[in-house]
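Asks: Give me coordinates for this.
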Amino acid sequence: MSLTLQAVSRHRARHVVAVFTTVLSVFCFTAGAHAAISVKDDTGATVTLAAPAQRIVSLAPHATELLFAAGAGDRVVGAVAYSDYPEAAKRITRVGDNSALDLERILALKPDLLVVWMHGNSQRQVEALRQLKLPVFYSEPKHLTDLPDAIERLGALTGTPAKAQAAANAFRARYEALRTQYSSRAPVSVFYQVWTQPLMTLNGTHMVSDVIRLCGGVNIFADEPALVPRVSIEAVLAKRPEAMFTATPGATKSDKPLATLDSWRKWTQLPAVANNNLFGIDGDLINRPGPRILDGARTMCEDLDIARQRRTQAHAQ
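Replies: From the prediction side, this is the model:
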């Protein structure tokens with residue numbers, strides 16, 4: 001009799017443990033399914049979602065690329081003009097451009113997350129969207145090393161952390177490979193031309209300057225206080241850059257013709273002109289703060305190696 005009672009007790013104990021385990025598993029699953037997601041955006045503000053974003057509107061071409069890299073491309077329901085990479089991005093509903101957003105169309109898409117370009121979008125229009133309690137993630141990566149972290153944070157908000165981490169790690173590996181290969185090579189002085197009328201360049205805090213440094217180059221206007229300073233022809237001539245770069249048309253066609261470096265050819269006293277080191281790089285690759293900027297970096301690094309070779313050849317003559 002006592003053996004029977006012990007067996008029954010053991011059976012009841014196992015049943016209670018099984019029920020408790022099942023209840024605990026359901027509770028944990030439910031809690032996990034509804035757990036809030038919080039990350040910081042590029043202003044330092046905390047963005048909190050009750051659940052992973054399912055309907056995202058991207059308000060900058062670079063943000064669209066970051067979202068696709070994070071594995072959330074199929075959740076982007078709206079994007080601005082020039083959001084043209086990857087190929088699937090061309091089929092996304094357009095909601096205006098960087099400076100003029102179509103607010104009615106954005107609201108009609110019922111987004112649960114807006115990814116906004118801090119200094120590219122109309123802040124008045126973005127604020128109008130914020131007043132409607134739409135979650136906003138401000139995206140403005142400032143340095144190359146910010147990009148993998150941006151991918152991971154977007155992956156957290158969209159519920160695709162594994163894909164995002166894989167993309168981020170791949171970016172870090174490519175960056176490190178370029179840094180190891182090129183950053184310690186003989187320095188080459190570089191002028192990066194943004195525009196001609198007026199003549200404009202970039203200072204040392206811009207992401208393009210990160211690319212120049214990655215490739216072993218030295219931005220001749222790195223110490224200028226303005227991010228995009230105006231400079232004179234005389235100032236460029238005085239600094240005697242060995243290589244000159246500018247953006248060229250990529251898949252994204254500009255409304256205006258992009259500036260070229262042809263006007264510099266008459267200044268034959270410039271080492272860059274004398275050695276024919278006038279280089280163009282696809283603007284979609286070098287100017288967009290997204291994953292493909294390392295493709296632009298690879299091009300610049302290879303061009304600076306050409307400049308080094310031509311320097312050696314010129315000295316040998």
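Asks: can you give me the strands for the stretch 201-317 of the chain?
Replies: 217-219, 243-248, 278-282 (DSSP state E, counting those that start in this stretch).
Asks: Of all the ones you listed, which one is nearest Leu147?
Replies: Counting by CB to CB, Leu147 lies closest to strand 278-282 out of those; the figure is 17.5 Å. The C-beta positions use only the backbone N, C-alpha and C, and glycine is treated the same way.
Asks: Isn't Arg130 up against Val136?
Replies: Yes - between Arg130 and Val136 there is a contact under CB atoms under 8 Å: 5.6 Å.
Asks: so Asp284 sits right up against Arg292, yeah?
Replies: Yes - contact criterion CB under 8 Å: Asp284 and Arg292 qualify, at 7.1 Å.
Asks: on that earlier part again, comparing Arg130 and Val136, which shows the higher neighbour count?
Replies: Set side by side, Arg130 and Val136 show more neighbours around Val136, with 20 against 14, by other CB atoms under 10 Å.
Asks: Would you enumerate the residues in contact with the more buried one?
Replies: Taking CB atoms under 8 Å, 6 or more residues apart in numbering, we find Val136 in contact with 41, 47, 113-114, 116, 126, 129-130.
Asks: Buried by neighbour count, from these: which ones?
Replies: The neighbour count (16 or more other CB atoms under 10 Å) marks 41, 47, 113-114, 116, 126, 129 as buried among the contacts of Val136.
Asks: what would these look like in JSON lines with secondary structure, pLDDT and distance to Lys239?
Replies: Below are the buried ones among the contacts of Val136 laid out as JSON lines (DSSP: H, G, I helix; E, B strand; the rest coil; pLDDT from 0 to 100; distance: CB to CB, whole Å):
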{"residue": "Asp41", "secondary structure": "coil", "pLDDT": "97", "distance to Lys239": "37"}
{"residue": "Val47", "secondary structure": "strand", "pLDDT": "97", "distance to Lys239": "43"}
{"residue": "Leu113", "secondary structure": "strand", "pLDDT": "97", "distance to Lys239": "45"}
{"residue": "Leu114", "secondary structure": "strand", "pLDDT": "97", "distance to Lys239": "42"}
{"residue": "Val116", "secondary structure": "strand", "pLDDT": "94", "distance to Lys239": "37"}
{"residue": "Val126", "secondary structure": "helix", "pLDDT": "85", "distance to Lys239": "39"}
{"residue": "Leu129", "secondary structure": "helix", "pLDDT": "88", "distance to Lys239": "44"}
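Asks: just to revisit the earlier point, between Asp284 and Arg292, which one's more packed in?
Replies: Taking other CB under 10 Å, Asp284 and Arg292 do not tie; Asp284 has more neighbours (24 against 19).
Asks: Once you drop chain neighbours, what's closest to that one?
Replies: Nearest non-adjacent residue to Asp284, counting by CB to CB, 6 or more residues apart in numbering: Gly250, 3.4 Å away.
Asks: which stretches of the stretch 51-200 of the chain form helices?
Replies: Counting by DSSP state H, counting those that start in this stretch, residue ranges of the helices within the stretch 51-200 of the chain are 61-69, 103-108, 123-131, 147-158, 161-182.
Asks: Any idea which helix or strand in the chain has the lowest mean pLDDT?
Replies: Sorting the helices and strands of the chain by mean pLDDT, DSSP states H and E puts helix 2-33 at the bottom, at a mean of 41.
Asks: Of the strands of the stretch 201-317 of the chain, give the one that comes closest to Leu199.
Replies: With CB to CB, the closest approach to Leu199 among those belongs to strand 243-248: 11.2 Å.
Asks: list the contacts for Leu270?
Replies: Neighbours of Leu270 in contact, by CB under 8 Å, 6+ apart: 236-237, 240-241, 244, 264.
Asks: can you tell me which of those lies nearest to Phe221?
Replies: Looking across the contacts of Leu270 and measuring by CB to CB, the closest to Phe221 is Val236, at 8.6 Å.
Asks: Give me the pLDDT for the closest one.
Replies: Per-residue confidence at Val236 stands at 98 (pLDDT).
Asks: Could you double-check that Arg185 sits in contact with Arg308?
Replies: Yes - the criterion here is CB under 8 Å, and Arg185 meets it with Arg308 at 6.7 Å.
Asks: quick one, which of the two is more surrounded?
Replies: Neighbours per residue (other CB under 10 Å) separate Arg185 from Arg308, with Arg308 holding more: 18 against 14.
Asks: distance of the residue nearest to that one when sequence neighbours are not counted from Asp84?
Replies: In space, Arg308 comes closest to Ala186 once its chain neighbours are excluded; the distance is 5.7 Å by CB to CB, 6+ apart. Separation of Ala186 from Asp84 (CB to CB, to the nearest Å) stands at 37 Å.
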